[in-house]
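>>> build the 3D model from these lines:
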Amino acid sequence: MSQPKEYTISDKTELEIGEGSFTAQEKNALQSVGVLSVKSYSSSGGVNKAYIDIEALARMAFEHDLLRSVASRVEIDILEAFRRSDENTLTTSEIASMTERPKSSISRALSQLVEKNKLTKVQAGVYRHP
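Numbers count the residues shown, from 1 in each chain. Okay, here's the model as predicted:
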């Protein structure tokens, strides 16, 4: 089996970063895994200067690939719905609407996520992400 090709980003590498936004929760998550370090903010609340650790980003991509191999696509979509939501408690119907998946598929995957301790069942049809 051949070794994967390694790519290096140096001061000669031209990078282009598109505009975008992330929630405070996403910023905190990126900072907690060492991918993002915000150096300065603008007066309007935007980021003026940030540092992105390429090694940490590569590690995060590897972990994401690993997640896809051990979780179903529906489970990943559900966890993404919680990540995108301002609420940490959602109903089965809300999740089905956010993921555009049938409630029956959502219900099965929610049960699996509760068994895996990724979600807590609050009451029938209501789930919380820690």
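>>> residues contacting residue 71?
Contact analysis of residue 71 by C-beta atoms under 8 Å, 6 or more residues apart in numbering lists residue 79. (Glycine included, C-beta is placed from N, CA and C.)
>>> would you map the helices across this protein?
24-32, 54-70, 73-84, 92-99, 103-115 (DSSP state H).
>>> low-confidence regions, this protein specifically.
1-4 (pLDDT under 70).
>>> okay, now the domains of it?
Domain ranges of the chain: 24-65, 72-128, per automatic domain parsing.
>>> can you list the ones you listed in CSV and add mean neighbour count?
Formatted as CSV, those follow (neighbours: other C-beta atoms under 10 Å):
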stretch, mean neighbour count
domain 24-65, 12
domain 72-128, 16
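>>> one step back: of the helices of the chain, which is nearest residue 7?
helix 54-70 (9.3 Å; C-beta to C-beta).
>>> and the contacts of that closest one?
In contact with helix 54-70 (C-beta under 8 Å, 6+ apart) are residues 9, 33-35, 76.
>>> tell me how far it is from the chain's mean position?
11 Å (C-alpha atoms, centre = their mean, to the nearest Å).
>>> look up how far residue 98 lies from the nearest residue to residue 121 once chain neighbours are set aside.
Using C-beta to C-beta, 6 or more residues apart in numbering and skipping residues adjacent in sequence, the residue nearest residue 121 is residue 114, 5.2 Å away. The gap separating residue 114 from residue 98 is 18 Å, by C-beta to C-beta, to the nearest Å.
>>> with residue 48 instead?
When residue 48 is compared with residue 98 (using C-beta to C-beta), they lie 32 Å apart.
>>> repeat for residue 128
15 Å.
>>> circling back to that earlier point, nearest to residue 90, of the contacts of helix 54-70?
When these are compared for distance to residue 90 (C-beta to C-beta), residue 76 wins out at 15.3 Å.
>>> contacts only, for that closest one.
Per C-beta under 8 Å, 6+ apart, neighbours of residue 76: 67-68.
>>> try residue 30
Residue 30 neighbours (C-beta under 8 Å, 6+ apart): 22, 36.
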